[in-house]
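> got a predicted structure plus its sequence, pasted below:
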Amino acid sequence: MIALRAWLAKYTSANRKRNILSRVILIVDDEAGIRHFVRAALEMAGYSVEEAGGSAEALRILDHSQPQLLITDIVMPEANGFQLAALAHRHYPGLRVIFMTGYGAQYEEELSGTVYLAKPFSIAGLLSAVESAIGLPHGKAGG
């Protein structure tokens, strides 16, 4: 955890932190361990994070929160990530989406042209995808 904090300190400049603090991200995954990993990494990078264990909970959060970014797993029990993204876009057309999946080859056609993370992914990969999705310039991580 100490090494992660040191890496993030190098990665995140004061100016970038000001831009990041205004960004709210909603993470949706039925696996609690994935949600906690993603949440911890994003919060240490300075983002505000909401999380949901499924699509129904995510839609309730969207009703009272205004996230700039939705990071969702594709394979989930209620509605899959594609269905969740479609429902979310009906109410929030400007919402940006990153998909997470361990089945990238299976969803190659659906993922074409989207930002997605292939599980397992690194913190650097996560932060790079988030910055690309919300339009922040990429940080310099250093060694």
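Ah, there it is.
> from now on I want contacts and neighbour counts done on CA atoms only, so please keep to that.
OK.
> and stretch 53-71, how far out from the chain middle?
In terms of C-alpha atoms, centre = their mean, to the nearest Å, the centre of stretch 53-71 is found 12 Å from the chain centre.
> actually, stretch 59-72.
With C-alpha atoms, centre = their mean as the basis, stretch 59-72 stands 11 Å off its chain's centre.
> check stretch 62-75 too.
For stretch 62-75, the distance between its averaged C-alpha position and the chain's averaged C-alpha position is 8 Å (C-alpha atoms, centre = their mean).
> how about residues contacting it?
The list of residues contacting stretch 62-75 from outside it, by C-alpha atoms under 8 Å, 6 or more residues apart in numbering, reads 23-30, 80-82, 85, 88, 94-101, 133-134.
> ChimeraX command for the buried members of those residues?
Of the contacts of stretch 62-75, the buried ones go into a single ChimeraX selection, burial set by 16 or more other C-alpha atoms under 10 Å:
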select :23,24,25,26,27,28,29,30,80,81,82,85,88,95,96,97,98,99,100,101,133,134
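> of the contacts of stretch 62-75, which belong to strands?
Within these, membership in strands is found for 24-28, 96-101, as judged by DSSP state E.
> would you map the helices across this structure?
2-11, 14-21, 32-44, 55-64, 81-91, 108-111, 123-134 (DSSP state H).
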